[in-house]
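> Task: produce atomic coordinates for the following.
(one chain, ligands or ions: 1)
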Amino acid sequence: MTSNQLLYSDPLKAAEQAASEIAKRTGVLSHDIALVMGSGWVDAVSVLGSPDFECNADEITGFLPPAVEGHSGKIRSYSIKSGDKILRALVFLGRTHLYEGKGIEPVVHGVRTAVKAGCKVVILTNACGGINTSYSVGQPVLIRDHISLTATSPLIGAHFVDLTDLYSKRIRAIVKAADNSLAEGVYVHWRGPTYETPAEILMMRALGADLVGMSTVPEAIAAHALGAEVLGISLVTNAAAGVTGEKLNHEEVIAAGKAAATRMGTLLKEVIPKLL
Ligand code: HPA
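Have a look, this model is predicted:
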């Protein structure tokens, strides 16, 4: 069976297999924390220093090659000092999105692999459109809750998982103590690949959403269902469709990410040691 067949026929076994390959390749038996770096966030990891290990994600069971500019498709392992301990961070540069049409399994394979590799905390980052007009471009916002508009779950079967505290209150409190200027908001998951229409943004605002993007929600659910604590951080890279009347484009999303990279990387570096 090829690694992709295993991903679709037995996703959890594929994640276990991927985790054991990562342990072998990195020499790190158990990682502590995972970071998924979304569009515009890849440059932020340079603040973490040099990785101990890097490979192309598609060398590991179940990972697909990257499909989008700004998503480099690498897996890295970092050592991060936390008092007298060393934390091992597994970092995914890039992710697979639902809009790629490959199904939900590859979308959540990274976080499942991370949890099987030992990670107790999963940090999910993304670029998003700001629906809430009090947000400005370049602003990071902690995800407090989400609304899924994709009608797609990574879970199958009678698996009734509670999502009341999906975006860990404990972790949000720690991050806000490190930077009390951080706002919190509700993220709505939009399948894409089209951006939303202005009318759809008005609907989302009426539903209570502050942020809109094409990722994060399935990964948050899959990580939480396996017992990890989840932190979601969105970087507002543009005002959502219709908010300013400007047209949206992917280059602007990447540029806003680059401009905020040092601030985002510094925030991550500061909070990671406090989470475990
Ligand atoms: N909508 C959806 N996804 C996005 C946006 C947006 O405005 N900006 C960045 N990712």
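> For the one helix or strand A89 maps to, which outside residues touch it?
A89 belongs to strand 85-93 when assigned by DSSP states H and E. Residues outside strand 85-93 that contact it (Cβ atoms under 8 Å, 6 or more residues apart in numbering): 22, 28, 30-37, 42, 45, 48, 51, 57, 71-81, 110, 114, 117-119, 272-273, 276. The C-beta positions use only the backbone N, C-alpha and C, and glycine is treated the same way.
> Can you list the low-confidence ranges for the chain?
Across the chain, the ranges flagged by pLDDT under 70 are 68-71.
> tell me the SS of whichever residue of it sits closest to the ligand?
Residue of the chain nearest the ligand, by Cβ to the nearest ligand atom: G129 (2.2 Å). The three-state label given to G129 by DSSP: H, G, I helix; E, B strand; the rest coil is strand.
> Quick check, it in contact with A240.
Yes: between G129 and A240 there is a contact under Cβ atoms under 8 Å: 3.6 Å.
> list residues touching both of these two?
The contact sets of G129 and A240 overlap at E196, I201, V212 (Cβ under 8 Å, 6+ apart).
> which residues does the second one contact?
Under the criterion of Cβ under 8 Å, 6+ apart, the neighbours of I201 are G129, I131, V212, A240, A241, G242, V243.
> Equivalent analysis for the first one, please.
Contacts were defined as Cβ under 8 Å, 6+ apart; by that measure E196 touches G129, W190, M204, V212, A240, A241.
> So it: helix, strand or coil?
Assigned by three-state DSSP, the conformation of E196 is coil.
> coming back round to it: compare G129 and A240 (neighbour count), which wins?
Legend: neighbour count by other Cβ atoms under 10 Å for G129 and A240, higher for A240 (30 against 26).
> mind listing what that one touches?
Counting by Cβ under 8 Å, 6+ apart, A240 has contacts G129, G130, I131, E196, I201, M204, V212.
> now L275
Neighbours of L275 in contact, by Cβ under 8 Å, 6+ apart: I33, V121, I171, I174, E229, L231.
> List phi and psi for the last one.
This points to L231. As for L231, its main-chain torsions (degrees, to the nearest 10) stand at phi -120, psi 130.
> residues from the stretch 51-200 of the chain in reach of the ligand?
Residues of the stretch 51-200 of the chain found near the ligand (Cβ under 6 Å from any ligand atom) are A127, C128, G129, W190, Y195, E196.
> Distance to D162 for those - can I get that in CSV?
Output for those, formatted as CSV (distance: Cβ to Cβ, whole Å):
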residue, distance to D162
A127, 29
C128, 25
G129, 29
W190, 24
Y195, 32
E196, 29
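> Closest to Q5 out of the residues you listed?
Closest approach to Q5 among these (Cβ to Cβ): W190, at 29.8 Å.
> my read: the closest one touches S148, true?
No: using Cβ under 8 Å, W190 is not in contact with S148; the gap is 9.5 Å.
> When these two are compared, which one has more neighbours?
W190 (27 against 17).
> Just the closest of the shared contacts of G129 and A240 to Y167, please.
V212 (16.1 Å).
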